[in-house]
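Q: Please find the sequence and the predicted model below.
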Amino acid sequence: MGLWCCPQLLPQVTVKHPAVSQFILSGADLMLPGVDVRSLPQLEKGQLVGICVPGNPAPIAVGAALMNSTAAAAQASGQGKGKLVELLQYYGDTLWQTLGKGAVPNAGFLQGYVLPAELATASPQQQQAYLEADGTAAADATDGMLGLSLNRRSEGHVATESNNSQAASTAGQCDGAAVAADTSTTSSSFPDDMDQLLELALLQALHKSVKEDDLPLSGSDLWSQHIIHCRPPGTLLDVKKSTHKKMKNFLQAYTKAGLIKTREDKHSGDVILTGVNRDPQLYSEFKPYKMSSSSAPLAGTSSSTPASAAEGSGDRRGTMTPLVVEEVFKPSREVRPIFEAVGADPEGHYTAAAAGEVAFEYAKLARLDATAPDHKTLMLDAVLCDALYKGLLKKGELYPTHIAKSDLREAFLRRLQPQTRISRGAKALLRKGAPPTVNISGERRQGNKYVTRVVGVEAFLVDAGVLAAECQRRFACSTSVQVLPGKNNPGQEVILQGNVIDKVPDYLMQHYQIPKKYFLVKK
C-alpha cells in the first residue's frame, strides 16, 4: 500500500506487456521472457523490487530479485529463459483483501489484470483490443510465463492453458467481430449500482462457491474467500459505497429476505453464515455469469493465495490478524484520588508499567521523598496511605508512615482491579480477572471410542461453530458444538470425535495465534 503512494521507494521492473499481469495476479513468479530487459534498473540478487506494467506507475506486485541486472541481461541475450523475480505479495492476494479492503491506486487496476491508467475509462472492446495488440511481444511474454512458471499450475494445466490461449488467439484473428460482440454483451450486462453489484456477487457465490461443507462461515471469510472472487468481471466491490455501509447490515438484509440464515457471534460481533435457502425466487431465477479464471476461487483456499502459501497454512482462511492478549488494570475506589491528583483517567485501563508510573508520579507531585530518611524510601501522606492500606489492616494495627520505593509498584497494583484485554484487529474483548484459558480434554466412551473436548475459545475471539467446521475438514473427524450447562456459563463446547488432543493446541497456536501458556490440556 505504501508503494502505491511512493512508487519509487523500490526499483521498478517493467513487464513487456499488460497481458503478463494476468499471470502475476495469479501468483506466478516473474520470468525473463515477460520482462523488458532494456529498461531493467540496476539490481542486486535478493534485492526487493516492484513490478509494474507499461503506462501505469503503481506496482502490481513486490518480490525479490533472483539474479542481478548483469546476469539478467546476459541470460536474456542467450537462452532468454529463467526466473527473474520471486513474488512476495501482489494485488489481489490475501494480504490485499485483509488489510487493503479492496483499495486500488488508480482505475487501471481491474479484476484479473492491470492496464495503463488512461485506458481504464475505455470500453471493454478497446481494453480487450489493447491486451491483444502488439501480438508478437504479448505472445512472447505470455508464452514465457506459461512455459516457465510452475508456482500456481501443474505441467498438464499449463500445457492445456497454453494451447487454449493459442486457439483463442487464432479464433480472434479469424472472427474478431464475434469476440468483441461477446465481450460487449458480457460487460454491459452488469449494473453500476453498488447494491446491485453486491447482490450479484453474493448470488454468484452462493451458486458457484459456497458449499454446504463450508458452513458455518464467518462474514469476513464469506467476503474474502467467496464474494470478492465472484464479483462481476471488471468491477470492484466496496460495501461502504452501498446503502448497507457495513458487511453486517448487508448480510442481515438478505437474512430478512429469506435468502440466507445467519447468527451473530455475541463475543466478536461478527455475523456467521449458517445456512443457504435455495428455494426463494431471488435464488432460483439468478443465472450465474461467466467469471475469468483469475477470479475463480481455488478449492480449499483463497483464489489469490499461491499454492505454496496455501499448503503452508493448511487451511482456507489465509493470514489471520494477529491476536493481542494484554493484562491491564482498572483503578479501584481506593486509588481513584491518586489518579485524579496526577490528571490520569480514573475510569481508564492501564498496563502494570503505566499504573506504576501513576504511583511514582503522585509521589513526585506530593514531594514524598523530601522528608524521607534515605533515597530508597518514600514518606506516606494521608492520601497515598489510605490508597495502599485502608481496609487491609487488622484492628489495632497502625498505618505505616513510609514505604520502600521498590515496594510501591507492587503495593499499588494490589489495590487495582486486574482485567484482561483481548483484541484481534478491530475486534476487542475486555473481561475481569486474569487471562482465560482454553481447556482441552479427552474422554473415552464405550470401548475404544474417544472424544476430544475444547472449551473457552470464545474468550480469544474464536467462533466455536467456525472452529468446529475447520477441525472437521482438517482432522477428518465428526464435530459438534454444545452449549455448556448452567445459567452463569454462556460458553460453548466443541466436541471432536477421535483422539486429536495433541493436534488441536498446535492448530490453535498456529492459526489463531493463541499463546501456548493459555492452554490447559488434560489427557
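A: Now that the structure is in, tell me what you want to look at.

Q: most centrally placed residue in this protein?
A: Centroid-nearest residue in the chain, with Cα atoms, centre = their mean: T98, separated by 3.8 Å.

Q: Does that residue touch S224 like I think?
A: Yes - counting by Cβ atoms under 8 Å, T98 touches S224, with 6.6 Å between them. Just so you know, the C-beta spots here come from the backbone N, C-alpha and C atoms, and that holds for glycine as well.

Q: Next, the residue nearest to the centre of the chain: secondary structure please.
A: helix (DSSP: H, G, I helix; E, B strand; the rest coil).

Q: Tell me how far it lies from W223.
A: Counting by Cβ to Cβ, to the nearest Å, the gap between T98 and W223 amounts to 10 Å.

Q: okay, and for this structure, where does confidence drop off?
A: 1, 79, 100-102, 120-189, 266-268, 292-320, 487-490 (pLDDT under 70).

Q: Mind jotting down where the strands sit in the stretch 101-250 of the chain?
A: 109-110, 113-114, 217-218 (DSSP state E, counting those that start in this stretch).

Q: Can you tell me the number of residues neighbouring P337?
A: 16 (other Cβ atoms under 10 Å).

Q: for it, what are its contacts?
A: 383, 386-387 (Cβ atoms under 8 Å, 6 or more residues apart in numbering).

Q: if you set the cut-off to 6 Å instead, what comes out?
A: P337 makes contact with V383, according to Cβ atoms under 6 Å, 6 or more residues apart in numbering.

Q: for the one 5 residues further on, same thing?
A: V342 makes contacts with 358, 361-362, as judged by Cβ under 6 Å, 6+ apart.

Q: So which of those residues is the closest to F519?
A: F519 lies nearest to V358 out of those, by Cβ to Cβ, at 33.3 Å.

Q: who does the helix or strand where L88 lies pair up with?
A: For L88, the host element (DSSP states H and E) is strand 83-90. Sheet partners assigned to strand 83-90 using DSSP bridges are listed as strand 30-31 (antiparallel), strand 56-65 (antiparallel).

Q: quick check: angle from the helix or strand just after the shortest one to strand 83-90?
A: If I follow you right, that is strand 30-31. The first helix or strand that comes after strand 30-31 along the chain, using DSSP H and E, is strand 48-53. In terms of direction (axes from the mean of the first three to the mean of the last three Cα atoms, to 10 degrees), strand 48-53 departs from strand 83-90 by 90 degrees.

Q: Does anything pack onto strand 48-53? Which helices or strands?
A: strand 12-14, strand 56-65 (3 or more Cβ pairs under 6 Å, 6 or more residues apart in numbering; DSSP states H and E).

Q: ok so, going back, which one of the strands of the stretch 101-250 of the chain has the most crowded surroundings?
A: strand 113-114 (a mean of 26; mean count of other Cβ atoms under 10 Å).

Q: export the strands paired with strand 83-90 to a markdown table and tack on distance to A117?
A: Output for the strands paired with strand 83-90, formatted as a markdown table (distance: least, Cβ to Cβ, whole Å):
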| stretch | distance to A117 |
| --- | --- |
| strand 30-31 | 21 |
| strand 56-65 | 5 |
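
Q: okay, those strands, which one's buried deepest?
A: Highest mean neighbour count among those (mean count of other Cβ under 10 Å): strand 30-31, a mean of 25.

Q: Show me how far that one is from its chain's centre.
A: Offset of strand 30-31 from its chain centre (Cα atoms, centre = their mean, to the nearest Å): 27 Å.

Q: same deal with stretch 343-359?
A: That offset, for stretch 343-359, works out to 33 Å (Cα atoms, centre = their mean).

Q: what sits up against that stretch?
A: With Cβ under 6 Å, 6+ apart, stretch 343-359 has contacts from 328-331, 336, 339-340, 342, 408-409, 412, 416.

Q: now stretch 37-53
A: 3, 10-15, 18, 21, 30, 59-62, 64-65, 67-69, 73, 76, 114.

Q: Could you check how many residues crowd around Y518?
A: 19.

Q: Got phi/psi on the closest residue to Q497 other than its chain neighbours?
A: In space, Q497 comes closest to S478 once its chain neighbours are excluded; the distance is 4.3 Å by Cβ to Cβ, 6 or more residues apart in numbering. Note on S478: its backbone torsions stand at phi -80, psi 140 [degrees, to the nearest 10].

Q: S478 contacts I495, doesn't it?
A: No - between S478 and I495 there is no contact under Cβ atoms under 6 Å: 8.7 Å.

Q: Can you pick out the residue with more neighbours from those two?
A: Shown here are S478 and I495; by other Cβ under 10 Å, I495 has more neighbours (18 against 13).

Q: roughly how far apart are that one and I338?
A: Distance of I495 to I338, given as Cβ to Cβ: 48 Å.

Q: repeat for Y254
A: In terms of Cβ to Cβ, Y254 sits 52 Å off from I338.

Q: Then P33?
A: 70 Å.

Q: between those two, who's got more neighbours?
A: The residue with more neighbours, out of P33 and I338, is I338; 26 against 23, by other Cβ under 10 Å.

Q: after the helix or strand where that one lies, next one along is what?
A: Secondary structure from DSSP H and E places I338 in helix 336-341. If you walk from helix 336-341 toward the C-terminus, the next helix or strand you reach (DSSP H and E) is helix 352-365.

Q: Return stretch 330-345 as PDB; C-alpha atoms alone will do.
A: Only the C-alpha atoms of stretch 330-345 are listed here, as PDB (Å, rounded to 0.1, in the frame of the first residue of the first chain):
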ATOM      1  CA  LYS A 330      -8.600  -0.600  36.300                       C
ATOM      2  CA  PRO A 331      -8.400   1.800  39.300                       C
ATOM      3  CA  SER A 332     -10.500   0.800  42.300                       C
ATOM      4  CA  ARG A 333     -12.400   3.200  44.500                       C
ATOM      5  CA  GLU A 334      -9.400   3.400  47.000                       C
ATOM      6  CA  VAL A 335      -6.900   4.600  44.400                       C
ATOM      7  CA  ARG A 336      -9.100   6.900  42.400                       C
ATOM      8  CA  PRO A 337      -7.800  10.000  44.300                       C
ATOM      9  CA  ILE A 338      -4.200   9.200  43.200                       C
ATOM     10  CA  PHE A 339      -5.200   9.100  39.500                       C
ATOM     11  CA  GLU A 340      -7.300  12.200  39.800                       C
ATOM     12  CA  ALA A 341      -4.400  14.100  41.500                       C
ATOM     13  CA  VAL A 342      -2.000  13.400  38.600                       C
ATOM     14  CA  GLY A 343      -4.600  14.100  35.900                       C
ATOM     15  CA  ALA A 344      -5.000  10.500  34.800                       C
ATOM     16  CA  ASP A 345      -8.300   9.000  33.800                       C
END
